[in-house]
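Participant: Quick one, what's the 3D model for this:
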Amino acid sequence: MLKIHFSGEDILRTRVAPAADPVWELVLSLHVLRGRTRDPLTANWRRSVARDLRQDSSSEQLRLLFALNPPRGYFPDFLTPYASVEGFEAGLDALRSTPVELLHRDLSVLAAENQLPSSAAALARGEVSALHHLAESMEQYRSLAISPYWSRIQAAVAADRARRARALLDGGVEGLLTSLRPAMRWESGVLEVRSYPHSRELHLDGRGLLLVPSFFCAATPVALLDPALPPVLVYPVDRLGALVSADDSAASGAARESLAALLGRTRAAVLQASDEGCTTGEVARQLNISPAAASQHATVLRNAGLLVSHRERNSVLHTLTPLGRAMLDA
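Facilitator: Numbering: from 1, shown residues only. Model prediction:
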């Protein structure tokens, strides 16, 4: 179990990442790709990415990146710098500037349980060429495995952020932390991650906590090993259906058929009402329609990829996908 201890100041400084973190998603996707679990929502993604890697003549350049991310257990803290909250390029810039003592320490921990390629030695010495090669490998992998699916990843994270924002408005930061159940439990100033693989205690010491909702995070939330680094806790979001490429022709065809059913003022009003997150009951009250009608319209919008819905206790919260927001802003 992981126990994270909060002071009053820590509660004030706790926040949720502003969007899907591209570096965390990249790193955690490597674990999903090579893991033993057979999640049906990522099965097509795994097959497609594995096939593309086999066909890519330059995939050998990814050998070090894969070695740094074994399917289970520890992976280096330096791969996911705090700066990635500002975007992919900011994360890679921070990676390229990793101090040599951190590189050596993290790789020594990794090498204790994993066999690393010879190129890891240059990385442990902090050689600039090795750091740049690793960053280029991450860019290469991202273009193949992450970018084609980014809109679905963003939609899942945006839906989770809407849930957390609602919990924050209703109950403050303690309400936000309570909403992370059942994977975590908030009680008496301590956030407990029950299924954490190791017994650890983390004292935030006034630094607060950055919560990072993640599509590729497995069932267990992830924290950095080094307690001196800015505290981060990555946790899984509901995946909102299978992970498909934006270019998937079957999915595009289904979307076009669903979009054809969207004509009408009422569904446009439902879309508008869901801009900041809205429950079925709230939609019904705002538009003066029955809850059954509100649910039916939301279902059509959801099937078209414009809304995502999440059940929270006795209500269903609807939020916009990136496509839904683009249509609303058009």
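Participant: from here on, contacts and neighbour counts on C-alpha atoms
Facilitator: Fine.
Participant: Any regions of the chain where pLDDT drops low?
Facilitator: For the chain, the stretches with pLDDT under 70 are 57, 240-263, 329-330.
Participant: Helices of that one, start to end?
Facilitator: Using DSSP state H, the helices of the chain run over 8-12, 22-34, 43-55, 63-67, 88-96, 100-111, 119-124, 128-145, 150-178, 249-260, 265-273, 280-287, 291-303, 322-329.
Participant: Dump the ones you listed into CSV; add distance to residue 74 and mean neighbour count as well.
Facilitator: Listed next are those as CSV, based on distance: least, CA to CA, whole Å; neighbours: other CA atoms under 10 Å:
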stretch, distance to residue 74, mean neighbour count
helix 8-12, 26, 16
helix 22-34, 11, 21
helix 43-55, 22, 15
helix 63-67, 11, 18
helix 88-96, 18, 19
helix 100-111, 7, 17
helix 119-124, 16, 17
helix 128-145, 18, 18
helix 150-178, 24, 20
helix 249-260, 36, 13
helix 265-273, 43, 18
helix 280-287, 42, 18
helix 291-303, 38, 18
helix 322-329, 33, 15
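Participant: now for those helices, which one comes closest to residue 199?
Facilitator: helix 100-111 (17.4 Å; CA to CA).
Participant: hmm, who's touching the closest one?
Facilitator: 68, 74, 75, 76, 77, 78, 120, 123, 124, 125, 126 (CA atoms under 8 Å, 6 or more residues apart in numbering).
Participant: Select only the buried ones of those in ChimeraX?
Facilitator: The buried subset of these, as determined by 16 or more other CA atoms under 10 Å, is captured in ChimeraX by this line:
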select :68,74,75,76,77,78,120,123,124,126
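Participant: The contacts of helix 100-111 in strands, which ones?
Facilitator: Counting by DSSP state E, no part of the contacts of helix 100-111 is found in strands.
Participant: Any chance of CSV for the contacts of helix 100-111, columns distance to residue 324?
Facilitator: Conversion of the contacts of helix 100-111 to CSV gives the following (distance: CA to CA, whole Å):
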residue, distance to residue 324
68, 37
74, 38
75, 36
76, 37
77, 35
78, 36
120, 44
123, 43
124, 45
125, 48
126, 45
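Participant: so which of the contacts of helix 100-111 would you say is closest to residue 211?
Facilitator: Taking CA to CA as the measure, residue 211 lies nearest residue 77 of these, at 16.0 Å.
Participant: From residue 160, how far out is the closest one?
Facilitator: According to CA to CA, to the nearest Å, residue 77 and residue 160 sit 25 Å apart.
Participant: what's the answer for residue 239, then?
Facilitator: 10 Å.
Participant: ok, back up a step: got the helices of the chain as JSON lines, with distance to residue 190 columns?
Facilitator: As requested, the helices of the chain are exported to JSON lines (distance: least, CA to CA, whole Å):
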{"stretch": "helix 8-12", "distance to residue 190": "11"}
{"stretch": "helix 22-34", "distance to residue 190": "25"}
{"stretch": "helix 43-55", "distance to residue 190": "36"}
{"stretch": "helix 63-67", "distance to residue 190": "35"}
{"stretch": "helix 88-96", "distance to residue 190": "29"}
{"stretch": "helix 100-111", "distance to residue 190": "27"}
{"stretch": "helix 119-124", "distance to residue 190": "36"}
{"stretch": "helix 128-145", "distance to residue 190": "35"}
{"stretch": "helix 150-178", "distance to residue 190": "10"}
{"stretch": "helix 249-260", "distance to residue 190": "43"}
{"stretch": "helix 265-273", "distance to residue 190": "36"}
{"stretch": "helix 280-287", "distance to residue 190": "33"}
{"stretch": "helix 291-303", "distance to residue 190": "37"}
{"stretch": "helix 322-329", "distance to residue 190": "35"}
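Participant: beta partners for residue 222?
Facilitator: Per DSSP bridges, the residues bridged to residue 222 are residue 234.
Participant: Residue 231 reaches residue 203, doesn't it?
Facilitator: No: look at residue 231 against residue 203 with CA atoms under 8 Å: they stay out of range, at 9.2 Å.
Participant: if you count what's nearby, which of the two comes out ahead?
Facilitator: The neighbour comparison of residue 231 against residue 203 (other CA atoms under 10 Å) goes to residue 231, with 22 against 17.
Participant: number of nearby residues for the nearest residue to that one once chain neighbours are set aside?
Facilitator: Ranked by CA to CA, 6 or more residues apart in numbering and with sequence neighbours excluded, the top spatial neighbour of residue 231 is residue 209, at 5.3 Å. Residue 209: 20 surrounding residues under other CA under 10 Å.
Participant: just residue 236 next, same as before
Facilitator: That count, for residue 236 with other CA under 10 Å as the rule, works out to 21.
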